[in-house]
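Enquirer: next come a sequence and a model predicted from it.
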Amino acid sequence: MNTSRVQRKKQAIYVKELKGEIATLRKRLEQHESSNASQSSGGSALEGSSRAPSPTPSSSAPKPCAIDPAVECYENSTRKVGCEHNQAMIEKIVKLQRAVARRNEKIEFLEENVKHLAQECRKKTRIIQAYICQTETGATASEYLSSKKAEIAKRGRTLMSNLFGSGLSNKEINLELALEMMRKFQVVLEDTLLKNLILKENVQTLGQEISRLSLENGELRLHSADKEHATL
């Protein structure tokens, strides 16, 4: 639980940093676009001034003026650099957004895993509490019952019969067989205890429902008897 919380905090901090970086990149992109727009407007004004005719004292007819190649080359280079920078910024923003999406998916997966583990822990806690209550009330099997169970197991065709009918002593029992038996017993015990707890809760609910219905039935009988007396 503590490790999952630490991971969630780290991922939340990482997501905040990514969002802040995306915001700064967008601001830079907007500033760069505004600077490109101002440069393009300045270049167009310069181009218009270079194209405008200058009056001469000799004649009033306008003369064509050639575009300065240096100005044109500068405009083309600034536009090219601006486009490349904008493309790089857009690609970086897309990568950051994908990273944020992957982080969110991991967070959702961890949250679901934590919920599942919490449910399993609650089930195990209920089983342990029921087992502790049984041991405190003295629900332990005696040696006589244990011997009877061993005799019954020998007659059957189960894992217990193989264990007790092998003719070996307790020290000579195969360890792997004992471990397998304990695993199966643990699964069966947990399932049985959980089912018993659920049945106990259902019986309590049914008892409450029966008492409520019996009270309602008594009230209805009293009400019907009062009506009969009133009609008489």
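Expert: That came through fine. Numbers count the residues shown, from 1 in each chain.
Enquirer: tell me which helix or strand comes right after the helix or strand hosting K19.
Expert: Using DSSP states H and E, K19 maps to helix 2-51. Next in sequence after helix 2-51, counting helices and strands by DSSP H and E, comes helix 69-136.
Enquirer: if you count contacts, what does that next one end up packed against?
Expert: Judged by 3 or more Cβ pairs under 8 Å, 6 or more residues apart in numbering; DSSP states H and E, the packing partners of helix 69-136 are helix 2-51, helix 175-231. All C-beta atoms are positioned from the backbone trio N, CA, C, and that covers glycine.
Enquirer: ok, E91 - contacts?
Expert: Listed by Cβ atoms under 8 Å, 6 or more residues apart in numbering, the contact set of E91 is empty.
Enquirer: for it, give me the pLDDT.
Expert: For E91, the model assigns a pLDDT of 84.
Enquirer: tell me the pLDDT at the closest residue to E111 other than its chain neighbours?
Expert: What sits nearest to E111 in space, not counting adjacent residues and going by Cβ to Cβ, 6 or more residues apart in numbering, is R8, at 7.8 Å. The score at R8 is 72. That number is its pLDDT.
Enquirer: what's the neighbour count on R8?
Expert: R8: 15 surrounding residues under other Cβ atoms under 10 Å.
Enquirer: pretty sure it contacts I107?
Expert: Yes - contact criterion Cβ atoms under 8 Å: R8 and I107 qualify, at 6.3 Å.
Enquirer: just the helices and strands packed on helix 69-136: most buried one?
Expert: Among the helices and strands packed on helix 69-136, the stretch with the highest mean neighbour count (mean count of other Cβ atoms under 10 Å) is helix 2-51, at a mean of 12.
Enquirer: state the distance from the residue nearest to H85 when sequence neighbours are not counted to A23.
Expert: Nearest non-adjacent residue to H85, counting by Cβ to Cβ, 6+ apart: H32, 5.9 Å away. The gap separating H32 from A23 is 15 Å, by Cβ to Cβ, to the nearest Å.
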